[in-house]
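*Asks:* Dropping the sequence and predicted coords here.
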Amino acid sequence: MTDGRVGPKTPVSGERAVCSSQHPIVTDTMRDVLAGGGTAVDAVIAGSLVQAVVQQDLTNHAGMFTMLFWEADTGTVHELNSHGMIAPDLPPFHRVPPPRSQYSATGAGPYAVIPGFMPGMKALYERFATRPWAELCAPAVHWAEVGHVVDSFEHLVMAQSYDFFLYTPSGRAHFAPGGHLPQVGDRWPKPELHRTMRRLAEEGPDYFITGGWAQDFLRRANELGWPITAEHMAVSRPEWGSGLRYEHRGHEIVQLSPPERQAVFCSMVLGILDELDITSVGHYTESAEALYYLAHALRRADKEANLVNDPRIFENPAEVLMSRDFHAMVAELIRRSRPTVDLAKHVEVTGGAARLAAIGQLTPPTPAQSAGSCELSIVDQHGNWVQSMNTLQGSGIPGEVIGGVPMIGSNGINRMDMWLGGWFTGGARMRCAIGNTLVFKDGRPVLGLGSPGSVYCTVPQVLSNILDYGMDPYAAEDAPRLYPLGEDYQFSMESRVPDEVTRGVMSLGLLMSPLPAYDWHLGSYQMSWRGDDGKLFGSAGPRRAGSAAAL
């Protein structure tokens, strides 16, 4: 096991299997399932169920679930997307104001959605699981009863988001038993959630879809004035697919298909950088020119990827956006729009010298993604690979806690400049940015990765570090990351680059706003990979808590 604390971690290696998560209890659970003969699918079900017990600061049983699964026996990639769904033809139901003011420009808080997590669990279990349902639920039942020990990272996240639940009696009772948040080192049992998990183990996932929990959810929604019906509860239908594929430097990359925008976004960034011959000018942490190109590539991809919506109700521009001709055109535009004189004085005069050292004081050009998400990475002894995410985003009625399950609704905003949004008619699925990624070489998986946090812009940075620059996967994850360039010629980046690079990018007309050296909003990757010697490796990133284990 690697240390579960925030900070540097050592990758693990194994001959048969590896797994990684953001919490040692979750990693232990998955390792035990694998050691007991279970598959990667069994492990991800058990891991996701227990994760929503011990990490309610980041996920819950009413959120959403996505997955890429490489089935070794058939050589097939299976994509599963089970989002929380908008109740069709009903206006958005806002229960509480926006958390902190992150989205205050819209004038409305998050809206209620139909949960997608458990429909996803049901679809995955019925199609691919090999172990009994109650057995996979057992760790979640146990940890809800005895309670887990609150760590410093969990307390940090709860302290920053707890005020969201001050608006509801159920929220206050759940997150502040006795009037206070559970403190670091406290054991936090959840009796109400324990009863819910026992019923889930006994009755199966339908307990959350049509059974007792679903009826409680429906009843509370109607009491609050959200007029959903049993028919609305059935709209969360998990979608199976095969993922969206593209080539890069002799590798095939598979990511979630539209309305997810990650594959389109990553394809654009990697393609534009390739057309700019990015490796010839050095790494972006050592070369101002490379950093200039990366910031611009991220900005352009961020704009264009928001044209992607649900292909069932919109035309699909993915083929155009992922074409090499388009990448070459954008690369030439970036190259031909470079300044021809030194702009450092202009940037210093307009930005102010003090702002260059004001770590974390400038707002990132794009609002940070909701903190709540949990990535799982697994390779089992049968050669199956799973990369999945479960998250509190898109979960039920904002601020309410039902059966020990807290919910935040959806922070989706229907704007062209937001990666998270949806449409309240036509049965459309939410557009989102989830980083589940599998990388293949010669037809076989060699790398699985994904992350919570501001994943909409970080996945191509990690992939470029690995596939363009040949970095070790953990070193690629550890390297400083940045947000896309903003319209004001500024971008935010972790403050671990040499001063000459910061000054050099100023000469090119850009102001870098320094973030903390390791900013947890920029994600922390769960990864599995196969080395050249055939050995399996797994790791959890340094920006958050987490651990990896191997067999």
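*Replies:* Thanks, I have it. Just so you know, these numbers come straight off a predicted model, no measurement behind them.
*Asks:* Excluding sequence neighbours, find me the nearest residue to the residue most central in space within the chain.
*Replies:* The centroid of the chain falls nearest to Pro452 when counting by C-alpha atoms, centre = their mean (3.2 Å). Of all residues not flanking Pro452 in the chain, Ser373 sits nearest, at 3.3 Å (C-beta to C-beta, 6 or more residues apart in numbering). Yep, even glycine has a C-beta here, placed from its N, CA and C like the rest.
*Asks:* The one you found reaches Asp57, doesn't it?
*Replies:* No - Ser373 sits out of contact with Asp57 when judged by C-beta atoms under 8 Å, with a separation of 10.9 Å.
*Asks:* List the contacts of the closest residue to Ala35 other than its chain neighbours.
*Replies:* Counting by C-beta to C-beta, 6+ apart, Ala35 lies nearest to Leu551, which is 6.0 Å off, once chain neighbours are set aside. Taking C-beta atoms under 8 Å, 6 or more residues apart in numbering as the definition of contact, the neighbours of Leu551 are Gly14, Glu15, Arg16, Ala17, Val18, Arg31, Leu34, Ala35, Gln381.
*Asks:* got the contact list for the second one?
*Replies:* Residues in contact with Glu15 (C-beta under 8 Å, 6+ apart) are Lys535, Leu536, Leu551.
*Asks:* any idea how far it is from Val379?
*Replies:* Distance from Glu15 to Val379, counting by C-beta to C-beta, to the nearest Å: 11 Å.
*Asks:* what residues do the two have in common as contacts?
*Replies:* Overlap of the contact sets of Glu15 and Val379 (by C-beta under 8 Å, 6+ apart) consists of Leu536.
*Asks:* which residues pair with Ala540 across the strands?
*Replies:* Using DSSP bridges, the bridge partners assigned to Ala540 are Gln526.
*Asks:* Isn't it up against Ala549?
*Replies:* No - Ala540 lies out of contact with Ala549 (C-beta under 8 Å); the separation is 9.9 Å.
*Asks:* The residue nearest to Pro452 - how many residues pack around it?
*Replies:* Burial measure for Ser373: 25 neighbouring residues, criterion other C-beta atoms under 10 Å.
*Asks:* check contacts around it.
*Replies:* Taking C-beta under 8 Å, 6+ apart, we find Ser373 in contact with Leu58, Thr59, Met389, Asn390, Thr391, Leu392, Gln393, Ile434, Pro452, Gly453, Val455.
*Asks:* Excluding chain neighbours, what is closest to the fourth one?
*Replies:* Beyond its immediate neighbours in the sequence, the residue positioned closest to Asn390 (C-beta to C-beta, 6+ apart) is Ser48, lying 4.6 Å away.
*Asks:* Return, as residue ranges, the portions of the chain with sub-threshold pLDDT.
*Replies:* Low-confidence segments of the chain, defined by pLDDT under 70, are located at 1-3, 98-108, 352-371, 426-428.
*Asks:* so where do the strands sit in the stretch 101-250 of the chain?
*Replies:* If DSSP state E, counting those that start in this stretch is used as the criterion, the strands of the stretch 101-250 of the chain fall at 148-149, 187-188, 239-241, 244-248.
*Asks:* Format these as CSV; extra columns: mean neighbour count.
*Replies:* CSV is the format used below for the strands of the stretch 101-250 of the chain (neighbours: other C-beta atoms under 10 Å):
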stretch, mean neighbour count
strand 148-149, 17
strand 187-188, 14
strand 239-241, 15
strand 244-248, 18
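*Asks:* Can I take it that Trp529 is in a helix?
*Replies:* No - looking at Trp529 with DSSP: H, G, I helix; E, B strand; the rest coil, it is strand, so not inside a helix.
*Asks:* need the contact list for the residue lying closest to it once chain neighbours are set aside.
*Replies:* In space, Trp529 comes closest to Leu447 once its chain neighbours are excluded; the distance is 4.5 Å by C-beta to C-beta, 6+ apart. Taking C-beta under 8 Å, 6+ apart as the criterion, Leu447 is in contact with Thr437, Leu438, Val439, Ile466, Pro473, Met527, Ser528, Trp529, Arg530.
*Asks:* quick one: the nearest residue to Gln490 once chain neighbours are set aside and Pro498, what's the gap?
*Replies:* Of all residues beyond its chain neighbours, the one nearest Gln490 is Leu511 (4.5 Å), with distances taken as C-beta to C-beta, 6+ apart. Applying C-beta to C-beta, one obtains 16 Å for the distance of Leu511 from Pro498.
*Asks:* out of these two, which sits in the more crowded spot?
*Replies:* Ranked by neighbour count (other C-beta under 10 Å), Leu511 and Pro498 place Leu511 first, with 23 against 11.
*Asks:* Thought Ala344 was touching that one, still the case?
*Replies:* No - look at Leu511 against Ala344 with C-beta under 8 Å: they stay out of range, at 10.1 Å.
*Asks:* re the thing from before, is it fair to say the residue nearest to Trp529 lies in a helix?
*Replies:* No - assigned with three-state DSSP, Leu447 falls outside any helix and is strand.
*Asks:* Any idea what it is bridged to?
*Replies:* Beta bridges link Leu447 to Val439, Trp529 when assigned by DSSP bridges.
*Asks:* Distance of it relative to Thr29?
*Replies:* With distances taken as C-beta to C-beta, Leu447 is found 23 Å from Thr29.
*Asks:* do the same with Arg187
*Replies:* Taking C-beta to C-beta, one finds Arg187 at 18 Å from Thr29.
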